[in-house]
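Visitor: Need a 3D model of the sequence below.
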Amino acid sequence: MFRSVPRFSIAVSALSLAALGGCAFDDYRELPLDPDAILAELEARRTPTRLDTPVTLAEATTWLERGPNVQAALSDLEVARARAAITTPLPNPSIEIGYDYALDGGTPDQRGVPLGGIGFAIPLGDRRACRDALRRLELERARVGAVTRLREEWLALRTMFLDAGVAERYEFALADAEQTAATAVGLAERLVEAGRSSADRVAAFELELARARAARGAFESERTRLHTDLAIRTGTSLGDWPGVAPPDVVDIVATPEPVVLRDALVANNPELARLRADHAIAEGRLRLAIAEQYPDLRIGPSVGGEIGETRTVVGLSLGIELPLFDRNQLEIATARAERSRCALLYERYLNRALTELEGAVARLRLAIEQLRIQRERVGPIARRAFDLARRAIDAGRADTMDLLLAAQSARRANLEQLTALRALHAAWGELERITGTPLLRIEGSTMPSVELRNQETSR
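Guide: Alright, predicted model coming up:
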């Protein structure tokens, strides 16, 4: 027996070392964040590449994936892809090595015997499949998040480009109004010197000129904000936006039927899509919590001997945890409550979105009516007044000042019409945001797609 003990111990030890040698462990490699290097890389990338060529809508659409909002969603997608690529493994087996020793009886050489065993855990429930399914649901939620975020940015980009197209005409109208006001001030001053007008009229024209210049300053500030927003959304530099190439300006179009807008909202609203994906994840977590209430079956073959005997004893043990008290009640209750919460959030947001849709449709109709009034009533009246003033001058019944007043009114009416058109585009943009659907046909506007990137990150 004394000679058999070392051989048995060596065999068990060799088996243990062989099992441990087959375990492959990942190595940790630190990747510290270097703010200076990141700043230098960003500054090199942010160097303006265009100096005088206006940016088109199609070109800006290709830049959307570089924006911070889309980048954050794509990063979440990459994390979800990495998690979904790993299949839930089986529970690790265990190795047990021991030594039985008798305190009395027999010679010292016969009082001890080594023993060893291997243990396996066999899951009785389907929690491995549930965990894999849950990670796939999380991957789908991340994909939905990336797609909807990109769609939101694209719809907002469409609206901004439409507004930029009208803003260009608005800028010309402001410059024209300022020039007209400056001409009126000069003429009024000359008439005062000739004794044909009063100083209060000069003051009135000077006030109009100051207002025109203030309006141009406000417009320049608004345009800078627009270009800044465009640069942020596309992850570019403000210097990359010397101008915006306006797409074809959309005119008055018919409002879609309420049932069409409602169906589009339910199908394409980004937040509703994300909430549906959240509910699917809640369902997966509940299935996993229920599957985890079942214990594992433990099986363990063992090899040993009897003290004072030379024979080898082989055994097989079966064990299971009796779920008398802990049956994963807390996790199951939490998962059920989370599922109910997701359903409630979806219902509440849908109700809110339907109300927003009703308000957006009402504002769109008001904007359409306002633009129609400007085009069919205010504009023609202002042009007719200008024509009458010009005819009166030709007939000798009016002076140049009357013509300038009429021209000033006509230009103000033109600005009001362009303002109404911008309000119409904003109303369409709000309706597209709520429904998550492109409702206007705009040249060069194509929905971008999310491309899954392959990026290796070591830790």
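Visitor: Tell me how many other residues surround Ala164.
Guide: Here the count is done by other C-beta atoms under 10 Å, and Ala164 has 23 residues near it. In this view, the C-beta of every residue, glycine as well, is placed from N, C-alpha and C.
Visitor: Skip ahead from the strand or helix carrying it and say which helix or strand is next.
Guide: Counting by DSSP states H and E, the secondary-structure element that holds Ala164 is helix 127-193. From helix 127-193 onward toward the C-terminus, using DSSP H and E, the following helix or strand is helix 199-234.
Visitor: Please identify the buried residues of that next one?
Guide: When burial is assessed from 16 or more other C-beta atoms under 10 Å, helix 199-234 yields the following buried residues: 201-202, 205-206, 208-209, 212, 215, 219, 223, 226-227, 230-231, 233-234.
Visitor: Could you pull up the mean pLDDT of the helix holding Ala164?
Guide: Rounded to a whole number, the mean pLDDT of helix 127-193 is 88.
Visitor: residue boundaries of the helices in the stretch 1-150 of the chain?
Guide: Listed from the start of the chain, the stretch 1-150 of the chain has helices (DSSP state H, counting those that start in this stretch) covering 4-21, 35-45, 57-63, 68-84, 127-193.
Visitor: Save these as CSV, and put in distance to Leu424 too.
Guide: Output for the helices of the stretch 1-150 of the chain, formatted as CSV (distance: least, C-beta to C-beta, whole Å):
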stretch, distance to Leu424
helix 4-21, 73
helix 35-45, 37
helix 57-63, 18
helix 68-84, 26
helix 127-193, 9
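Visitor: Apart from its neighbours in sequence, what residue is nearest Ala199?
Guide: Here the nearest residue to Ala199 in space, its sequence neighbours aside, is Val192; by C-beta to C-beta, 6 or more residues apart in numbering that works out to 6.0 Å.
Visitor: Indicate which one of the helices of the stretch 1-150 of the chain is closest to Val314.
Guide: Ranking the helices of the stretch 1-150 of the chain by proximity to Val314 (C-beta to C-beta) places helix 4-21 first, at 12.5 Å.
Visitor: Buried residues of the helix or strand harbouring Leu272, list them for me.
Guide: Element membership of Leu272, judged by DSSP H and E, is helix 270-291. Within helix 270-291, the residues scored as buried using 16+ other C-beta under 10 Å are 270-275, 277-291.
Visitor: Need the residues that contact it.
Guide: Contacts with helix 270-291, where a contact means C-beta atoms under 8 Å, 6 or more residues apart in numbering, come from 125-127, 130-131, 133-134, 137-138, 140-141, 144-145, 148-149, 151-152, 265-266, 328, 331-332, 334-336, 338-339, 341-343, 345-346, 349-350, 353, 436.
Visitor: which of these are buried?
Guide: So, of the contacts of helix 270-291, 127, 130-131, 133-134, 137-138, 141, 144-145, 148-149, 151-152, 265-266, 328, 331-332, 335, 338-339, 342, 346, 350, 353, 436 end up buried under the neighbour-count rule (16+ other C-beta under 10 Å).
Visitor: what residue ranges in the stretch 1-150 of the chain score low on pLDDT?
Guide: With pLDDT under 70 as the threshold, the stretch 1-150 of the chain has low-confidence stretches at 1-24, 47-51, 102-112.
Visitor: Just the element for Val314, please.
Guide: Taking DSSP H and E as the definition, one finds Val314 inside strand 312-320.
Visitor: pLDDT of that strand, averaged?
Guide: Across strand 312-320, pLDDT averages out at 82.
Visitor: name the helices or strands packed onto it?
Guide: When contacts are defined as 3 or more C-beta pairs under 8 Å, 6 or more residues apart in numbering; DSSP states H and E, strand 312-320 sits against strand 296-305.
Visitor: What average pLDDT does the strand it packs on get?
Guide: 81.
Visitor: still on that earlier bit, any idea of the angle the helix holding Leu272 forms with helix 127-193?
Guide: Between the axes of helix 270-291 and helix 127-193, defined by axes from the mean of the first three to the mean of the last three C-alpha atoms, to 10 degrees, the angle is 160 degrees.
Visitor: Moving along the chain from the host helix or strand of Ile368, name the first helix or strand you hit.
Guide: When secondary structure is defined by DSSP H and E, Ile368 falls within helix 329-373. Using DSSP H and E, the helix or strand that follows helix 329-373 in sequence is helix 379-394.
Visitor: For the very next helix or strand once past that next one, buried residues please.
Guide: Moving toward the C-terminus from helix 379-394, the first helix or strand encountered (DSSP H and E) is helix 400-435. In terms of neighbour count (16+ other C-beta under 10 Å), helix 400-435 has its buried residues at 401-435.
Visitor: From Arg363, how far out is Ala423?
Guide: Distance of Ala423 to Arg363, computed by C-beta to C-beta, to the nearest Å: 9 Å.
Visitor: Same check on Thr312?
Guide: Here Thr312 is placed at a distance of 88 Å from Arg363 (C-beta to C-beta).
Visitor: Which of the two has more residues huddled nearby?
Guide: Neighbours were counted for Thr312 and for Arg363 using other C-beta under 10 Å; Arg363 has more, 16 against 12.
Visitor: which residues touch the more buried one?
Guide: Contacts here follow C-beta under 8 Å, 6+ apart; on that basis Arg363 touches Ala427, Glu430.
Visitor: rerun at 6 Å
Guide: Taking C-beta atoms under 6 Å, 6 or more residues apart in numbering as the definition of contact, the neighbours of Arg363 are Ala427.
Visitor: pLDDT at it, what is it?
Guide: Per-residue confidence (pLDDT) for Arg363: 95.
Visitor: nearest residue to Pro91 other than its sequence neighbours?
Guide: With sequence-adjacent residues excluded and distances taken as C-beta to C-beta, 6+ apart, Pro91 is closest to Ala121, at 3.9 Å.
Visitor: Just give the number of residues close to that neighbour.
Guide: Using other C-beta under 10 Å as the criterion, Ala121 is surrounded by 18 other residues.
Visitor: Against Ala142, how distant is Glu65?
Guide: Where Ala142 is concerned, Glu65 sits at a distance of 15 Å (C-beta to C-beta).
Visitor: now swap in Val185 and tell me
Guide: For Val185, the distance to Ala142 equals 62 Å [C-beta to C-beta].
Visitor: Repeat that for Glu347.
Guide: Plainly put, Glu347 is 24 Å away from Ala142 if you go by C-beta to C-beta.
Visitor: Check Phe219 too.
Guide: With the distance defined as C-beta to C-beta, Phe219 ends up 41 Å from Ala142.
Visitor: again, but for Leu371
Guide: The value you get for Leu371 to Ala142, if C-beta to C-beta is used, is 42 Å.
Visitor: quick revisit: now do the strand holding Val314 and strand 296-305, the angle between them.
Guide: Counting by the same axes, to 10 degrees, strand 312-320 points 160 degrees away from the direction of strand 296-305.
Visitor: residues in contact with strand 312-320?
Guide: In this structure, residues lying in contact with strand 312-320 by C-beta under 6 Å, 6+ apart are Pro295, Leu297, Arg298, Ile299, Gly300, Pro301, Ser302, Val303, Gly304, Gly305.
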